[in-house]
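Asks: got a predicted structure plus its sequence, pasted below:
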Amino acid sequence: MSDAFSLPDLAIVYEHPEWFEPLFAALDRRGVSYVKVTLAGHSFDPAGSPAPARVVFSRVAMSSFLRDPEHPIFYAQSLFEHWEGQGTRVVNASALPIDTSKARQLSLIARLGLKGPVTRAAHRQADLPKAAEGLRFPVLVKADIGGAGAGITRYETPEDLAVAAGKGWCPAGVNGISLVQEYAPRRDGKVTRVETLAGKFLYALDVESPGDAFDLCPADACLVRPGAPTLTMTRVTPPDEIIAAAELIAAEGQLEIGSVEYLIDDRDGSALFYDINALSNFVARPMEVLGFEPHDVLVDWLMAIVAEEAAKVAVNGKAAA
């Protein structure tokens, strides 16, 4: 077992090769002792393999299955549970259960008395037409584990859906679950992404896209991808009740850091919470869009956690002496 006093302060565990350069730059500016742990090529011994740092920060993306069929989503859950079993603080590992299922997210939203899009979940394509009975068309079919708007498809009529489902053409998650959901036209063509840190409101963005684009990632590395939609991002302050709802979702979903997304349904003006995202890449050009650098706030918070864990190690060391 590694000597806890000799470990780096922090390990960043991630899959995407470019998304976290702003975070690494913020850590470098602060002179933080940290290591980068990429999940590609990683393995661990369930009877050993201590964590690489006193504090581990999970940056696992649900969209990783789009980049590699041998994605690390479920592997990371096992890895983090292994490290936590050894007493390591794994920041935001608690969010993985809610992050890995849009069905769970919508169940949570409903339990909290909040409104989401009318949705049905099924695990067989053949069951989607029956699941959609009673829904207003058009509908969307989306994968239960998504990311970057992956594979969301709109069906105008029950007949269109029945044909696609019969041929096995509908989107399905890597966990085999599909959601069929009433399409809600978003007012003014925008959605709002509310970022939270430590369960509290950090900032919010209105994200506008052309047409019905569903890939609404606002970060630098997302915006330069081939075929990515042109997005307009504006800092906003949502109503107090929306902020309170987002903080409640974050707390109940055990997001230590993450975003909650909602839209205003243009049919009736209601706020529909539709996505919980435990991977916050923040926003491109933050000083221009937000007026501050959120990665600096994130690093302050991470270093406070590192200090707490170091104090625990010191206390335990004195007790054992």
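Replies: Arrived safely, thanks for sending. Predicted, not measured: the structure shown is a model, and the values here were computed from it. Residues are numbered from 1 along each chain as shown.
Asks: any idea which helix or strand comes after the lowest-mean-pLDDT helix or strand in the chain?
Replies: Scoring the helices and strands of the chain by mean pLDDT, DSSP states H and E places helix 220-223 at the bottom, with a mean of 44. Once the chain leaves helix 220-223, the next helix or strand it forms, by DSSP states H and E, is strand 232-236.
Asks: residue contacts, the residue nearest the centre of the chain?
Replies: Among the residues of the chain, Asn277 comes closest to the average C-alpha position under CA atoms, centre = their mean, at 2.5 Å. By CB atoms under 8 Å, 6 or more residues apart in numbering, the contact set of Asn277 is Met62, Asp99, Arg193, Gly258, Ser259, Val260, Glu261. Glycine gets a C-beta too; all of them are placed from N, C-alpha and C.
Asks: pLDDT score for it?
Replies: Asn277 carries a pLDDT score of 94 in this model.
Asks: any regions of the stretch 51-200 of the chain where pLDDT drops low?
Replies: 147-150 (pLDDT under 70).
Asks: try 50
Replies: Across the stretch 51-200 of the chain, not a single residue meets the criterion (pLDDT under 50).
Asks: please enumerate the helices of it.
Replies: According to DSSP state H, counting those that start in this stretch, the stretch 51-200 of the chain carries its helices in the segments 64-67, 73-85, 96-99, 102-111, 128-131, 158-166.
Asks: compare the ones you listed and give me the one nearest Asp296.
Replies: helix 96-99 (24.3 Å; CB to CB).
Asks: list the buried residues in that closest one.
Replies: For helix 96-99, a neighbour-count test (16 or more other CB atoms under 10 Å) marks Leu96, Ile98, Asp99 as buried.
Asks: adding distance to His295, write the residues you listed out as JSON lines.
Replies: Converted to JSON lines, the buried residues of helix 96-99 look like this (distance: CB to CB, whole Å):
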{"residue": "Leu96", "distance to His295": "22"}
{"residue": "Ile98", "distance to His295": "23"}
{"residue": "Asp99", "distance to His295": "20"}
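Asks: just the element for Ala314, please.
Replies: helix 294-320.
Asks: what's that helix packed up against?
Replies: helix 21-30, strand 55-59, strand 89-91, strand 190-197, strand 200-208 (3 or more CB pairs under 8 Å, 6 or more residues apart in numbering; DSSP states H and E).
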